[in-house]
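Peer 1: got a predicted structure here, sequence first:
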Amino acid sequence: MFWELAGVPAVAVRRGARVESVHHVAACAADVDGEVVLKAGTIETPVFLRSSAKPFIAAASVRAGVLERFGFGERELAVMCASHNGEPGHVEVVASMLERIGASVDDLACGAHPPSYEPAAAALAARGERPTQLHNNCSGKHAGILALAKTIGAPFAGYLEASHPAERLIIAMCERVSDDVFEGDRLAVDGCGIPVYATTLRKAAVSFARLATLHGVDDEDAIALARVSSAMASEPWYVAGTGRFDTDLMRATGGRIVSKAGAEGFHCDAILDAGLGLALKVIDGSRRAAPPATLEALDALHALEPKARDMLRQHAVVPVKNVAGHVVGEVAALEGWLHT
């Protein structure tokens with residue numbers, strides 16, 4: 001239940017020198033055996049991973065052979081894991097995937113919204129064009145699920161339903177990596193229409209530790225997870241886009257950290273060289289608090305080199321601007337929040 005999920009004051013919003021708002025955060029870092037090495041707030045209450053689950057959703061398609069069947073490379077796989085900006089490069093890759101699958105834009109059931117990247121949205125509007133499903137930040141994930149359906153001989157129709165053969169494979173993969181079962185209120189509908197699952201922060205951290213180490217899973221899952229991790233690390237722009245935290249974090253760390261944000265203030269990281277997973281939830285669902293809190297948690301885990309931390313400063317201290325564009329405050333982590 002919501003009231004069971006508690007966090008600690010972690011991120012402050014300052015207007016001038018005064019704190020105006022505070023975001024509470026719960027976080028957990030763990031290894032593949034579930035040993036917790038960092039904890040803040042409640043970590044045993046199930047919460048929805050939202051888009052942070054996309055690496056495992058994509059891994060189900062990889063395990064089924066979609067890369068070989070359709071000649072997908074690392075860019076296609078990265079965009080299957082993406083919550084992308086809807087920039088032209090993202091849209092082009094997804095459109096190419098649909099063509100190779102033998103699907104159309106109309107087969108995408110994710111719905112349409114303007115590109116998340118404002119310059120791309122402005123350019124689209126200036127051309128007098130309306131956004132399509134291709135611009136949806138989840139279009140790559142949906143294209144990957146259609147590819148999975150085609151590979152296993154299942155229809156495109158109904159692919160949003162948990163009972164669809166493609167979704168059954170996806171849910172089974174997510175259950176295996178998290179050592180959990182998703183039923184009842186632990187399974188719901190995501191913003192883009194597909195099933196979304198809830199698990200604890202500790203089990204989410206274990207899932208990402210498995211993505212980091214490839215341990216604790218069977219050989220076929222390990223191969224699929226390795227390909228997902230490699231694609232995300234090699235093609236981080238396709239996982240998010242210009243100015244986005246996930247893209248910048250993977251670039252700054254040279255792919256040593258593979259990261260994936262989710263809606264409602266969720267964020268997860270696979271810390272490859274430490275063999276750890278990190279799962280973090282902003283209790284009030286605010287997106288703005290997740291990057292500063294994540295960077296503080298990664299610092300506490302000694303996962304960031306000084307150069308990387310410096311490269312990511314724009315995500316650690318985010319300016320608050322007024323309507324005229326003047327900086328009037330900042331969003332930043334509270335010092336020592338992980339030790340309260």
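Peer 2: All right, it came through fine.

Peer 1: in the protein, which spans are helices?
Peer 2: With DSSP state H as the definition, the chain shows helices at residue ranges 54-64, 66-70, 74-80, 88-101, 118-126, 139-151, 165-178, 201-213, 219-234, 245-252, 290-300, 306-311, 313-316.

Peer 1: any chance of these in JSON lines, with mean neighbour count too?
Peer 2: Where C-beta positions appear, they are placed from N, C-alpha and C, glycine not excepted. Below are these laid out as JSON lines (neighbours: other C-beta atoms under 10 Å):
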{"stretch": "helix 54-64", "mean neighbour count": "27"}
{"stretch": "helix 66-70", "mean neighbour count": "19"}
{"stretch": "helix 74-80", "mean neighbour count": "26"}
{"stretch": "helix 88-101", "mean neighbour count": "20"}
{"stretch": "helix 118-126", "mean neighbour count": "14"}
{"stretch": "helix 139-151", "mean neighbour count": "27"}
{"stretch": "helix 165-178", "mean neighbour count": "21"}
{"stretch": "helix 201-213", "mean neighbour count": "27"}
{"stretch": "helix 219-234", "mean neighbour count": "20"}
{"stretch": "helix 245-252", "mean neighbour count": "22"}
{"stretch": "helix 290-300", "mean neighbour count": "24"}
{"stretch": "helix 306-311", "mean neighbour count": "13"}
{"stretch": "helix 313-316", "mean neighbour count": "16"}
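
Peer 1: out of those helices, which is closest to F266?
Peer 2: Distances from F266 to each of those were compared by C-beta to C-beta, and the smallest falls on helix 290-300, at 7.3 Å.

Peer 1: can you dump the C-alpha atoms of that closest one in CSV for me?
Peer 2: What follows is helix 290-300, C-alpha atoms only, in CSV (Å, rounded to 0.1, in the frame of the first residue of the first chain):
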residue,chain,number,x,y,z
ALA,A,290,15.6,11.3,-9.4
PRO,A,291,18.9,12.4,-11.1
PRO,A,292,20.3,14.3,-8.1
ALA,A,293,19.3,11.5,-5.7
THR,A,294,20.8,8.8,-8.1
LEU,A,295,24.1,10.6,-8.4
GLU,A,296,24.4,10.9,-4.6
ALA,A,297,23.6,7.2,-4.2
LEU,A,298,26.2,6.3,-6.9
ASP,A,299,28.7,8.5,-5.1
ALA,A,300,28.0,6.7,-1.8
